[in-house]
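K.L.:
with the input below, show me the fold.
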Amino acid sequence: MQVLVPQGLTSWTLLTFRSLKNANYRNYAIAQLVSSCGSWIQLTAISWLVFDITNSPMDLGLVSFLRQSPIILFGFLGGWVADHFDRRRILVTTKIIMLLQAGLLGMLTLTGQLNIWLVMTLATILGLANAIDMPVKQAFTFNLVDKKDLVNAVSLNSSSFHTARTLGPVLAAIIVSQMGNRDGEATCFFLNAASFLVVIWTLTKLTEVNQENGNKPKNGKKSFNLKESLSFAAKNEDVRTVCLLGSVTALLCMQYIVLMPVFAKSVYGMGMNGFGTLMAAAASGSFFASLALANKGKDQAQLKRYIKLAALTMACALVAFSNLTNFYLACIVAVAMGFSGTIQLSGSNSLIQLAVDDSIRGRVLSLWMIIISGLGPVGGLIVGWGAQQFGAPISLTVCGMLAGLTSLYFLIKNK
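P.N.:
Model prediction:
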């Protein structure tokens, strides 16, 4: 008997996941999903470990700062590397460093030798590797798919990341709850180390990777040329707008991730399971936002509208979340925060990818990485200090209100 499949659903599925028809991209995407899941398992476990041993929101912000701040100093170097060298080989190298970092973190935790200073040192090492890895990874997508599918692939990358962001905290919560704090946290770190093996193996097995990128500069020289990239970002209206909005969101709004352990433990009186549930709720919103962009985010004018509205929505959701006392309502609002934040940030990435020439793709993307990842840790220090002095709800409320006013200005100005 013939089975009839709804044409609408079939069409939506084929359109949303069309980049997966490419074998290279499909294999890479699966490996990235595994690795991202491992990374979120580690991030959740280390956040809980730091707050458990120090009970200090400021220390949470400091660890976040050390993990992300190297992108400020070395992110543009990562973009330059992406434009002038084999992106696949660079990614293999950075993943090996990350594997060793996670393995050492696991060993020190398991043997009871880990302290806050070692956590900070290892966070810095991870940050240095990420400073090179992030812009190279963003630019590498261009090597795997045709330009017509680039926005789709970028959005699917984001959906993969946020799928992991949903699963990772839940898995970390289950592992730590079942095994106990230190044994469970060490297991989380070892799982992350193992996940990098999957990516490294996959990268070495990719075939016929398109190498028509900035590896061959037009003038024959491997020029650093920061001025060219900054000039492009400043003169292109779309890129300039999303970078300014992204700066506000990264500095003020995304800090809810840093303070999630504080809300779970101090505001809602819950343990690791509550923390994992809040993180998973926000991540589920991000996942659905990524799928929406993969299906619909093709028109540049449409993307710009989505980005501006999402920035304002994110700020409003942050204020609401900060003032809720009911855990279940907070989870619902966390979904809205994840959805709007991803529409803005992933949509901005796609808009930049469409606007930039590949000869400077890595360097322009590195500027975007510096904005969203480099300003984040600065914001983490600010909200961590604010939470220490005035409480987490007040700290995030002020951030949300400032971000809302700024986003509203951009929305009205460019209407």
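K.L.:
can we go C-alpha only for contacts and neighbour counts from here?
P.N.:
Fine.
K.L.:
the stretch 151-300 of the chain: strands as residue ranges?
P.N.:
In the stretch 151-300 of the chain, no strands are found when defined by DSSP state E, counting those that start in this stretch.
K.L.:
and the helices in it, which stretches?
P.N.:
Along the stretch 151-300 of the chain, counting by DSSP state H, counting those that start in this stretch, helices occupy 181-205, 226-235, 237-248, 256-262, 272-296, 300-322.
K.L.:
dump those to JSON lines, plus mean neighbour count.
P.N.:
Below are these laid out as JSON lines (neighbours: other C-alpha atoms under 10 Å):
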{"stretch": "helix 181-205", "mean neighbour count": "21"}
{"stretch": "helix 226-235", "mean neighbour count": "15"}
{"stretch": "helix 237-248", "mean neighbour count": "20"}
{"stretch": "helix 256-262", "mean neighbour count": "24"}
{"stretch": "helix 272-296", "mean neighbour count": "24"}
{"stretch": "helix 300-322", "mean neighbour count": "22"}
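K.L.:
residue 198 is in contact with residue 37, isn't it?
P.N.:
No: the criterion here is C-alpha atoms under 8 Å, and residue 198 misses it with residue 37 at 11.7 Å.
K.L.:
show me what contacts residue 45?
P.N.:
Residues near residue 45 by C-alpha atoms under 8 Å, 6 or more residues apart in numbering: 169, 172, 173, 176, 185, 188, 189.
K.L.:
how about those in JSON lines, adding distance to residue 247?
P.N.:
Output for the contacts of residue 45, formatted as JSON lines (distance: C-alpha to C-alpha, whole Å):
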{"residue": "169", "distance to residue 247": "26"}
{"residue": "172", "distance to residue 247": "30"}
{"residue": "173", "distance to residue 247": "31"}
{"residue": "176", "distance to residue 247": "34"}
{"residue": "185", "distance to residue 247": "32"}
{"residue": "188", "distance to residue 247": "31"}
{"residue": "189", "distance to residue 247": "31"}
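K.L.:
give me the buried stretch members for stretch 92-105, please.
P.N.:
Across stretch 92-105, burial judged by 16 or more other C-alpha atoms under 10 Å covers 92, 94-105.
K.L.:
quick one: whichever helix in the chain runs longest to chain centroid distance?
P.N.:
Longest helix in the chain, counting residues (DSSP state H): helix 23-54. Put simply, helix 23-54 sits 10 Å off its chain's centre (C-alpha atoms, centre = their mean, to the nearest Å).
K.L.:
spatially nearest residue to the residue nearest the centre of the chain (excluding sequence neighbours)?
P.N.:
Nearest to the mean C-alpha position of the chain, by C-alpha atoms, centre = their mean, lies residue 161 at 7.1 Å. Excluding the flanking residues, the one nearest residue 161 by C-alpha to C-alpha, 6 or more residues apart in numbering is residue 36, at 5.8 Å.
K.L.:
next: residue 373.
P.N.:
Nearest to residue 373 is residue 68, by C-alpha to C-alpha, 6+ apart, at 6.0 Å.
K.L.:
hmm, back to that, tally of neighbours for the residue nearest to residue 161?
P.N.:
Counted with other C-alpha atoms under 10 Å, the neighbours of residue 36 add up to 24.
K.L.:
can I assume it is in contact with residue 166?
P.N.:
No: counting by C-alpha under 8 Å, residue 36 sits too far from residue 166 to count as a contact (10.4 Å).
K.L.:
ok, and what's touching stretch 232-248?
P.N.:
For stretch 232-248, contacts defined as C-alpha under 8 Å, 6+ apart pick out 304, 307-308, 311, 344-345, 348, 351-352, 355, 364, 368, 371-372, 375, 403, 406-407, 410.
K.L.:
next one: that stretch to chain centre, how far?
P.N.:
Averaging C-alpha positions (C-alpha atoms, centre = their mean) puts stretch 232-248 19 Å from its chain's average.
K.L.:
next one: stretch 90-102
P.N.:
Distance of stretch 90-102 from the chain centroid (C-alpha atoms, centre = their mean) equals 17 Å.
K.L.:
now swap in stretch 393-413 and tell me
P.N.:
21 Å.
K.L.:
I am finished for the moment; much appreciated.
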